[in-house]
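# coords below, sequence missing:
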């Protein structure tokens, strides 16, 4: 049995509409192995949405070693370890933060950073010997 192309297209659209949840827009699913799509809620009108930005940390003055970075914000505190050769990207809620970087053999560096929703904030930490 052969079906004309317009009937196949119409049936596909009806099937798609039937599978959708009411009030929700259809979006394609992510293919296996594909890089995840980064989304933020910067334009959201939801008061409970998490508004985040990223701090791109790089280190200057040290070839290798481990940095212990203390992050202190208005409502967030954490300590992370990272390789000074590669640096790191921190995803943080929007707001003001104080970062304290300790690397063995170097002076402690303290820098302030403002995280803005949806923005990448480069932060270059310059290390100097003790």
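Arrived safely. All values derive from a computational prediction rather than experimental measurement. Numbering: from 1, shown residues only.
# where does residue 113 fall, phi/psi-wise?
Per-residue torsions, residue 113: phi -140, psi 140 (degrees, to the nearest 10).
# So what pairs up with it in the strands?
Taking DSSP bridges as the rule, residue 113 bridges to residue 97.
# Tell me how many other residues crowd it.
As a burial measure, residue 113 scores 19 neighbours (other C-beta atoms under 10 Å). Every residue, glycine included, has its C-beta placed from N, CA and C.
# Can you name the residues that contact it?
By C-beta atoms under 8 Å, 6 or more residues apart in numbering, the contact list for residue 113 reads 55, 96, 97, 99, 121, 123.
# which of these count as buried?
Taking 16 or more other C-beta atoms under 10 Å as the criterion, what is buried in the contacts of residue 113 is 55, 97, 99, 121, 123.
# on that earlier part again, ok, of the contacts of residue 113, which one's closest to residue 90?
The closest of these to residue 90 turns out to be residue 55 (C-beta to C-beta; 4.4 Å).
# Identify the spatial nearest neighbour of that closest one, chain neighbours not counted.
Of all residues not flanking residue 55 in the chain, residue 90 sits nearest, at 4.4 Å (C-beta to C-beta, 6 or more residues apart in numbering).
# Test my guess that the one you found contacts residue 76.
No: contact criterion C-beta atoms under 8 Å: residue 90 and residue 76 do not qualify, at 10.6 Å.
# Between the two, which has more neighbouring residues?
residue 90 (22 against 11).
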